[in-house]
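Q: structure for this input, please:
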Amino acid sequence: MKIKDGFELRSICGENIIIAHGKQNINFTKVISLNESAADVWNALVGNPFTLDDMVKVITDTYDIDEATAKADCEKLLSDWKEVGFIED
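A: Sure thing, here's the model as predicted:
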């Protein structure tokens with residue numbers, strides 16, 4: 001899977017905000033804010049194919065967290081990203 005083209009993470013007033021670009025995202029009406037760890041995952045994976053295991057590795061390499069907790073958190077994050085249309089297979 002991959003983060004779809006047309007979405008960009010920007011820091012705005014100290015918040016990590018996803019900005020949509022292009023006609024394919026014209027109906028994108030939500031403002032999505034990412035916490036620090038989700039932004040770290042986004043930055044590590046954007047532009048490249050990835051798996052859930054890749055997401056977990058970013059978290060476990062960056063933070064002092066066990067793999068089971070990281071996997072559960074990444075499963076939720078991935079589900080949220082799919083729901084709002086950030087991910088393509």
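Q: quick one, helices of the protein?
A: In the chain, the helices defined using DSSP state H lie at 36-45, 52-62, 67-84.
Q: ok, the most centrally placed residue in the chain to residue 57 distance?
A: Nearest residue to the geometric centre of the chain (C-alpha atoms, centre = their mean): residue 42, 4.0 Å. Here residue 42 is placed at a distance of 14 Å from residue 57 (C-beta to C-beta, to the nearest Å). (C-beta placed from N, C-alpha, C; glycine too.)
Q: hmm, back to that, redo the helices of the chain as JSON lines? Include mean pLDDT and distance to residue 5.
A: Listed next are the helices of the chain as JSON lines, based on pLDDT from 0 to 100; distance: least, C-beta to C-beta, whole Å:
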{"stretch": "helix 36-45", "mean pLDDT": "97", "distance to residue 5": "13"}
{"stretch": "helix 52-62", "mean pLDDT": "98", "distance to residue 5": "19"}
{"stretch": "helix 67-84", "mean pLDDT": "95", "distance to residue 5": "14"}
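Q: which one of these lies closest to residue 17?
A: Shortest distance between residue 17 and these, using C-beta to C-beta, is found for helix 36-45: 9.6 Å.
Q: the closest one vs helix 52-62, what angle?
A: 120 degrees (axes from the mean of the first three to the mean of the last three C-alpha atoms, to 10 degrees).
Q: for helix 36-45, list the C-alpha coordinates in PDB.
A: C-alpha atoms of helix 36-45 as PDB (Å, rounded to 0.1, in the frame of the first residue of the first chain):
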ATOM      1  CA  GLU A  36       3.900  13.600  16.600                       C
ATOM      2  CA  SER A  37       4.200   9.800  16.300                       C
ATOM      3  CA  ALA A  38       1.600   9.700  13.400                       C
ATOM      4  CA  ALA A  39       3.500  12.500  11.700                       C
ATOM      5  CA  ASP A  40       6.800  10.500  12.100                       C
ATOM      6  CA  VAL A  41       5.200   7.500  10.500                       C
ATOM      7  CA  TRP A  42       3.800   9.700   7.600                       C
ATOM      8  CA  ASN A  43       7.200  11.300   7.000                       C
ATOM      9  CA  ALA A  44       9.000   7.900   7.000                       C
ATOM     10  CA  LEU A  45       6.600   6.300   4.600                       C
END
